[in-house]
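J.: build me a model:
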Amino acid sequence: MKIRNFDHFAATRMRPEVKEAMESFFIDEYGNPQSIHTLGDEPREALGKARNQSAELLNAALNEVIFTGSGSESNNLAIKGTAFARMDKGKHMIVSKIEHFSVLNAIKSLSRLGFEFSEIAVDKYGSVDPGDVKNALRKDTILVSITHASNEIGTIQDIKEISKIVHENSAAYMHVDANTSCGFIETDVKDMGADMLSASPHRFYGPKGTGLFYLKKGIRIMPLIDGGIQEFGRRAGT
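T.: Predicted coordinates for the structure are as follows:
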């Protein structure tokens with residue numbers, strides 16, 4: 001019996017050309033991209049190529065693209081990284097009620113450290129009213145995190161308008177959870193007005209165990225993993 005998968009919001013089959021492009025790095029080109037000897041040359045070149053392709057996908061600069069281990073890690077980096085870096089500015093964050101658990105639970109875990117969060121309700125179509133975001137903004141709001149497209153019902157939010165409201169009425173960062181949308185609809189970070197954006201390649205025919213994180217130049221976050229200087233010092237690990 002042939003199985004038809006209609007749940008691509010959860011996972012997709014890796015495309016054959018992706019598998020082919022990666023295979024040699026599991027066996028032959030196994031060096032560390034950070035190595036200064038020849039074994040690191042091919043992996044380093046491949047990593048640079050992947051970063052360039054990712055930057056083109058998001059319309060971002062190369063040094064604004066950070067590789068992580070998953071979309072959930074990217075969301076946690078945005079939320080907790082902002083919280084720890086900006087706690088001197090405030091401890092209030094805004095999300096919608098239909099965010100992914102990697103957003104909602106990350107914020108709820110911060111409440112044990114004295115952070116507060118407001119949950120914006122959605123209408124019967126799952127849409128966030130930008131006006132509700134404006135009304136929820138406070139002087140101590142440091143982050144607004146809204147999903148680009150719902151992973152359950154597919155509603156696409158007006159991120160551009162929400163970002164405009166956030167930036168015109170506060171000093172908060174705007175994080176976009178594009179783990180569901182990236183690779184299927186346009187995710188131009190400049191047009192969106194995003195300060196940070198999360199994406200998950202395994203949802204658009206890439207490998208599991210990988211994540212994308214966009215961090216706009218000048219936006220300050222605290223790394224969650226201590227170690228080496230990989231990913232411009234934002235995310236340690238080979």
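J.: quick one: the strands in the protein, in order.
T.: All strands of the chain, identified by DSSP state E, fall at 65-68, 92-96, 116-120, 141-147, 173-177, 196-199, 211-215.
J.: average pLDDT for the third one?
T.: When you say that, I think you mean strand 116-120. Confidence for strand 116-120, expressed as mean pLDDT, is 97.
J.: nearest to residue 5 among the strands of the chain would be which one?
T.: Between residue 5 and the strands of the chain, the tightest spacing by CB to CB is seen for strand 196-199, at 20.0 Å. Every C-beta, even on glycine, is put in place using the N, C-alpha and C of the backbone.
J.: can you give me how far the closest one is from the chain middle?
T.: From the chain centre to the centre of strand 196-199 is a distance of 2 Å (CA atoms, centre = their mean, to the nearest Å).
J.: which residues does that strand contact?
T.: 58, 71, 74-75, 78, 82, 173-179, 182-183, 187, 189, 211-216, 219, 221 (CB atoms under 8 Å, 6 or more residues apart in numbering).
J.: list the buried residues of it.
T.: 196, 197, 198, 199 (16 or more other CB atoms under 10 Å).
J.: and the last one, what are its bridge partners?
T.: As for beta bridges, residue 199 partners with residue 212 under DSSP bridges.
J.: quick one: it and residue 189, what's the gap?
T.: Noted for residue 199: a distance of 10 Å to residue 189, by CB to CB, to the nearest Å.
J.: now do the shared contacts for these two.
T.: Shared contacts of residue 199 and residue 189, counting by CB under 8 Å, 6+ apart, come down to 58, 214.
J.: verify the contact between residue 234 and residue 65 for me.
T.: No. Using CB atoms under 8 Å, residue 234 makes no contact with residue 65, being 10.3 Å away.
J.: OK, contacts around residue 111?
T.: Residue 111 neighbours (CB under 8 Å, 6+ apart): residue 117.
J.: any idea how far it lies from residue 79?
T.: Taken as CB to CB, the span from residue 111 to residue 79 is 12 Å.
J.: could you do residue 226 as well?
T.: 18 Å.
J.: dead centre of this structure: give me the residue that sits there.
T.: Nearest to the geometric centre of the chain sits residue 198, at 1.2 Å (CA atoms, centre = their mean).
J.: nearest residue to it in space, please, no chain neighbours.
T.: Nearest residue to residue 198, sequence neighbours excluded (CB to CB, 6 or more residues apart in numbering): residue 74, at 3.6 Å.
J.: unless I'm mixing things up, that neighbour is touching residue 215, no?
T.: No. With contact defined as CB under 8 Å, residue 74 does not count as touching residue 215 (9.8 Å).
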